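Student: Here you go, sequence then predicted model.
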Amino acid sequence: MIHFKSITTRVISLHVIAVGITSVCMPLALYWLLSTTATDLHHRALRDYAGTIAQYLVQRQGGWTLELPAGLRELYSQSYGRQSYAVLDGDGRVLFSSLADGAAIFPDDRRAAPEQFLEMRRGKDAIYGASIAETITDKTVWIQVAQDLAHRDVLIDDIVADFFPRVGWITFPILLVLLMIDIVIFRRAMQPVLQASDIARTIGPARTEVRLPTQGMPREILPLVQAVNQALERLERGFRTQREFTADAAHELRTPLAILRARIDTLDDKVVREALRQDITGMSRIVSQLLDIAELESFVVDPEERADLRSVAAEAAAFIAPLAVAQGKSIALTGAKQPVWIRGNPETLFQAIRNLAENALNHTPAGTSVEIDVAETGVLRVLDDGPGVPESERELIFRRFWRRDRRRPGNAGLGLSIVSRIVEAHAGSIAVENRAGGGAVFSLHFARAA
């Protein structure tokens, strides 16, 4: 059995099969009904013929007489040849007959029932008729009336003969139109479900407040939607608890670190004091990154907000320059000379560019340069002369707490994950590749503002 992934496809396919079966069965049923109706009409006509003969059948002392008007005699004459009659008594003797030989129409009529419909062949002709009992005074006679099927009512024959091909061609287009109307009605009825499905695609860690709409939802689907909304509420509470814990923990760690830094500054051993100070600096950086992550989890970019990407990049380069000089490296800003306006938040964009530049400085050797290139198309690239990023690690480096070298102090693997989250909030994309001459290139793609 074929299984469809889409409920719409499943229902439409079943409807197509139903329409196909109906388009065949309906003409057959109508043909049978019409044929039955035509047969009933024929039987009624035969009864009327027998009744008419009985009206002119008279019993006298000398026997039976049949006094048909001239018109009826002409109708049953051999020259007319379409209809015939015969009158038999209770013993089966022929009293009257329109046939030339004066015989019974149905010689084998055994008169088993008051009314019988019989068919026989006379030479090449097919004869169909009735044998009907009629009681006149106190005597019962049997009146046989028949009609040559070759001369049956032409109109009824044509209707029955042409009914199936004509109705078959008419029924299929009608059912096809009904199917199209049914599809429109079904899609309209499924519209709330489709809208809920589109909304569900937008739900993620950054949009846990979104709920599926229940208004207009079909009764059969409503319990499922309500269950999903309840699950989303529990999920949102879980994310909120996690964010609050991360922010609270980071805030609580800042004060002890500040106290610890003050105490380290009072140590007499300069070597130990400097080593501990570097450790405290690394720990403070990790705490700040944790706070950034907690804030970015609920961050949403205002659709009307704009930022000059070149100006933000210049500010980030100026901020990183002292750190680059202290490490014996340099930082350069290249690319567009005019403002490059994009849809975004300047503060978080500054944070992303700064983290990318710091990451590049950490991986490029002394005496080299880190380049921040801004294109007029809204693409920002950070280029370094480091070892590059292996292709197998290009997806891993944006995960939280992932580190290639876990022995390096002050590195928790959060910087690039913060960059990735900021780019995602701006509906942008991030990519990394290696330079031909060595080093890595991180590219941020943003949508230009009007």
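Tutor: Nice, thanks for sending it over. From a predicted model like this one, the values you see are computed outputs, not experimental measurements.

Student: Could you list the low-confidence segments of the stretch 1-150 of the chain?
Tutor: 1-8, 10, 62, 78-81, 109-112, 150 (pLDDT under 70).

Student: Just the strands from it, written as ranges.
Tutor: Remark: strands assigned in the stretch 1-150 of the chain by DSSP state E, counting those that start in this stretch are 57-60, 63-66, 83-88, 94-97, 115-122, 125-136, 139-148.

Student: Please list the outside residues in contact with the first one.
Tutor: Right, the one you point to is strand 57-60. 64-67, 87, 96, 134, 136-137, 139, 141, 143 (C-beta atoms under 8 Å, 6 or more residues apart in numbering). Backbone N, C-alpha and C define where each C-beta goes, glycine included.

Student: any idea of the mean pLDDT in the helix or strand harbouring Arg263?
Tutor: According to DSSP states H and E, Arg263 maps onto helix 222-264. The average pLDDT within helix 222-264 is 77.

Student: that older thread, can you say which of the strands of the stretch 1-150 of the chain is nearest to Leu267?
Tutor: Leu267 lies closest to strand 115-122 among the strands of the stretch 1-150 of the chain, at 124.6 Å (C-beta to C-beta).

Student: Now do the buried residues in the closest one.
Tutor: Buried residues in strand 115-122, counted by 16 or more other C-beta atoms under 10 Å: Gln116.

Student: Quick one: list the elements packing against that strand.
Tutor: The helices and strands touching strand 115-122, judged by 3 or more C-beta pairs under 8 Å, 6 or more residues apart in numbering; DSSP states H and E, are helix 7-55, strand 125-136.

Student: now for these, which one comes closest to Ala447?
Tutor: The nearest among those, by C-beta to C-beta, is helix 7-55 at 32.5 Å.

Student: one step back: and the helices and strands packed on strand 115-122: which comes nearest Leu356?
Tutor: That would be helix 7-55 among those, by C-beta to C-beta, at 44.7 Å.

Student: ok, back up a step: which of the helices and strands packed on strand 115-122 has the highest mean neighbour count?
Tutor: strand 125-136 (a mean of 18; mean count of other C-beta atoms under 10 Å).

Student: any idea how this structure splits into domains?
Tutor: 56-152, 222-291, 302-445 (automatic domain parsing).

Student: Can you say which of these is nearest to Ile181?
Tutor: domain 222-291 (26.0 Å).

Student: chain center to that closest one, what's the gap?
Tutor: 45 Å (C-alpha atoms, centre = their mean, to the nearest Å).

Student: Stretch 353-370 too?
Tutor: 49 Å.

Student: Show me which residues of that stretch are buried.
Tutor: 353-364, 368, 370.

Student: Closest one of these to Ile320?
Tutor: Ala357 (4.6 Å).

Student: For the residue nearest to Ser77 when sequence neighbours are not counted, give me its contacts.
Tutor: Distance criterion C-beta to C-beta, 6 or more residues apart in numbering; nearest residue to Ser77, sequence neighbours excluded, is Ser98 at 7.0 Å. With contact set as C-beta under 8 Å, 6+ apart, Ser98 has these partners: 76-78, 83-86.

Student: need the residues you listed in CSV with distance to Gly437 and neighbour count, can you?
Tutor: Converted to CSV, these look like this (distance: C-beta to C-beta, whole Å; neighbours: other C-beta atoms under 10 Å):
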residue, distance to Gly437, neighbour count
Tyr76, 115, 19
Ser77, 117, 14
Gln78, 116, 9
Gln83, 110, 19
Ser84, 113, 24
Tyr85, 115, 23
Ala86, 117, 25
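
Student: What subset of the contacts of strand 57-60 is buried?
Tutor: 66, 87, 96, 134, 141, 143.

Student: how about these in a markdown table, adding distance to Ala336?
Tutor: Converted to a markdown table, the buried ones among the contacts of strand 57-60 look like this (distance: C-beta to C-beta, whole Å):
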| residue | distance to Ala336 |
| --- | --- |
| Leu66 | 117 |
| Val87 | 115 |
| Phe96 | 117 |
| Glu134 | 112 |
| Val141 | 116 |
| Ile143 | 110 |
